[in-house]
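Participant: The following comprises the amino acid sequence and a computationally predicted model.
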Amino acid sequence: MANLKQQRAKFSLSNQATYINCAYMSPLLKAVERQGIVGIQRKRNPMRVSPKDFFTDSEKLRKEFGKLISAEASRIVIIPSVSYGLANVANNIRVKASDNIVVAAEQFPSNYYPWQRLQADTKVQLRIVSPPDTKINRGKIWNERLLEAIDTNTKLVALGHVHWADGTRFNLKAIRARTREVGARLVIDGTQSVGALPFSVKEIQPDALICGGYKWLMGPYSIGLAYYAESFDNGKPVEENWINRLHSENFAGLVNYQPEYQPGALRYEVGEHSNFILVPMLLEALKQINQWKPLAIQQYCKSITQKPLALLREAGFWIEDESSRAYHLFGIRLPEEMNMITVKKQVAKNKISVSYRGDVIRVSPHVYNSEKEILKLVNVLINTKRALHKRS
């Protein structure tokens, strides 16, 4: 695989600021933006939209996402949000008070609230697995704790491939093996990983994979994609809409109400999923990602962050070991004597965009970034620490 070079020319990012915050929201590719404009212009004249257009691009989108995650298109559905995709899961999980659901601590709220609701309704136990209070082998021990939390009463394990706040990578292969031993389902929120970190449904075999589209899939807001395995084939979707029913392609026959759904997982798609603006935009984004390939994106992010992160470690900042994190998303923890409020002011003063999650500075580069930009952040952090020492 050829090394991926910086791709900034494909974006419309300002040269007056440093954006290393894709985990917050990706910028739009110029090509994706053009597809959105074409979609808006198309709506000017509805005569240009034929019945077959309700199905053509959405099917292309499923196939393109299928290439990315090694899955069949009939198992992939278009959703408006992660919460919608997980609601379909929660709607089809049968649990009781003696059962338990395992989640990682402080994961994104959309992958917590559905299980909290299930707990309130059924009294199922919610096992929240925290990381160790140590900087040595933190990711390794956290994964071990997750495996230990899964027992014969576990009905569901729900977590990300990486932790959304600091990029800690979870060992999905080992967790999948353990869930199979006890007969539990594995549901992955791939919003902060799929598109930038290799993921294969064939390898991991999750029961469901839910992805928001506006981060690492490089698409617009309010559209995402989900994969549902055969274990959900006979489930009840959260809504009943016409386009998910069998033979919905025949507009003239829609008054002949159809009790059967479209094949595979398509019963779980959101109504109006044919969105003539958002679907072509996400499709264009996925084509580019499949051309770049997630492994190459990881390698590129590694190449521009290794030297800067080594400098930070030497200066007393903490970043998770490479063996336990991703390269596209990582957390920086400050030395004890530093104040996050002061750091935020200095970062903002230098027009650098990152995120702050808990006690972590979350940095999330992509192919539009350069090593120079990462070093700019590093210099701000190190200089802020030096200034603190001078004052003291």
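Facilitator: That came in fine, so what should we check first? Numbering: from 1, shown residues only.

Participant: can you list contacts of the worst-scoring helix or strand of the chain on mean pLDDT?
Facilitator: Here the helix or strand of the chain ranked lowest by mean pLDDT, DSSP states H and E is helix 371-391, holding a mean of 90. Here helix 371-391 makes contact (CB atoms under 8 Å, 6 or more residues apart in numbering) with 18, 20, 303-305, 307-309, 311-312, 315-317, 332, 334-335, 337-339, 342-343, 346-347, 350, 352, 354, 361, 363, 365. In this view, the C-beta of every residue, glycine as well, is placed from N, C-alpha and C.

Participant: what do you get for stretch 259-268?
Facilitator: If you take CB under 8 Å, 6+ apart as the criterion, stretch 259-268 is touched by 72, 74-77, 79, 85, 88, 226-229, 232-233, 235, 237-238, 244-246, 248.

Participant: what's the distance between it and the middle of its chain?
Facilitator: Centroid separation between stretch 259-268 and its chain, computed with CA atoms, centre = their mean, to the nearest Å, is 25 Å.

Participant: now do stretch 304-319
Facilitator: 25 Å.

Participant: before we move on, what about stretch 141-157?
Facilitator: Using CA atoms, centre = their mean, the offset of stretch 141-157 from its chain centre is 22 Å.

Participant: And for stretch 368-382?
Facilitator: Counting by CA atoms, centre = their mean, stretch 368-382 is centred 24 Å from the centre of its parent chain.

Participant: So which bits of it are buried?
Facilitator: By neighbour count on 16 or more other CB atoms under 10 Å, the buried set for stretch 368-382 is Y368, N369, E371, E373, I374, K376, L377, V378, V380, L381, I382.

Participant: now do stretch 344-363
Facilitator: Across stretch 344-363, burial judged by 16+ other CB under 10 Å covers V347, I352, S353, V354, S355, R357, V360, I361, R362, V363.

Participant: these two touch, right, the last one and R333?
Facilitator: Okay, so that is V363. No - contact criterion CB atoms under 8 Å: V363 and R333 do not qualify, at 11.6 Å.

Participant: Which stretches in the protein count as helices?
Facilitator: 30-42, 53-69, 82-90, 113-122, 138-149, 172-182, 201-204, 278-292, 294-314, 340-349, 371-391 (DSSP state H).

Participant: How far does the shortest one sit from its chain's centre?
Facilitator: For helix 201-204, the distance between its averaged C-alpha position and the chain's averaged C-alpha position is 17 Å (CA atoms, centre = their mean).

Participant: what's that helix packed up against?
Facilitator: Applying 3 or more CB pairs under 8 Å, 6 or more residues apart in numbering; DSSP states H and E, we find helix 201-204 packed against helix 172-182.

Participant: ok and the helix it packs on relative to helix 138-149, angle-wise?
Facilitator: 10 degrees (axes from the mean of the first three to the mean of the last three CA atoms, to 10 degrees).

Participant: any idea of the mean pLDDT in helix 172-182?
Facilitator: For helix 172-182, mean pLDDT rounds to 98.

Participant: Can you mark which positions in it are buried?
Facilitator: Neighbour-count burial for helix 172-182, counted by 16+ other CB under 10 Å, picks out L172, I175, R176, R178, T179.

Participant: can you put those in TSV and add distance to S222?
Facilitator: Formatted as TSV, the buried residues of helix 172-182 follow (distance: CB to CB, whole Å):
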residue	distance to S222
L172	27
I175	30
R176	30
R178	35
T179	31
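
Participant: was I right about V270 contacting Y84?
Facilitator: Yes - counting by CB under 8 Å, Y84 is a contact partner of V270 at 6.2 Å.

Participant: picking up where we left off before, which of the buried residues of stretch 344-363 sits closest to P131?
Facilitator: If you rank the buried residues of stretch 344-363 by distance to P131 using CB to CB, V360 comes first, at 11.5 Å.

Participant: Tell me which residues touch that closest one, please.
Facilitator: V360 touches A165, D166, G331, I332, R333, counting by CB under 8 Å, 6+ apart.

Participant: and the least confident of the buried residues of stretch 344-363?
Facilitator: Within the set of those, pLDDT is lowest for R357 (90).

Participant: Looks like that residue contacts W164 (just checking).
Facilitator: Yes - if you go by CB under 8 Å, R357 and W164 touch, sitting 7.4 Å apart.

Participant: F232 versus S14, what's the distance?
Facilitator: S14 sits 43 Å away from F232, going by CB to CB, to the nearest Å.

Participant: Looking at these two, which has the bigger crowd around it?
Facilitator: Using other CB atoms under 10 Å as the criterion, S14 and F232 rank with F232 on top: 24 against 10.

Participant: tell me the contacts of that one?
Facilitator: Counting by CB under 8 Å, 6+ apart, F232 has contacts N88, V89, N92, D207, A208, A265, Y268.

Participant: Just the pLDDT at it, thanks.
Facilitator: Among the per-residue scores, F232 holds a pLDDT of 97.

Participant: Quick check: it vs V89, distance?
Facilitator: Going from F232 to V89 by CB to CB gives 8 Å.

Participant: shared neighbours of these two, anything?
Facilitator: When contacts are counted by CB under 8 Å, 6+ apart, F232 and V89 have D207, A208 as shared neighbours.
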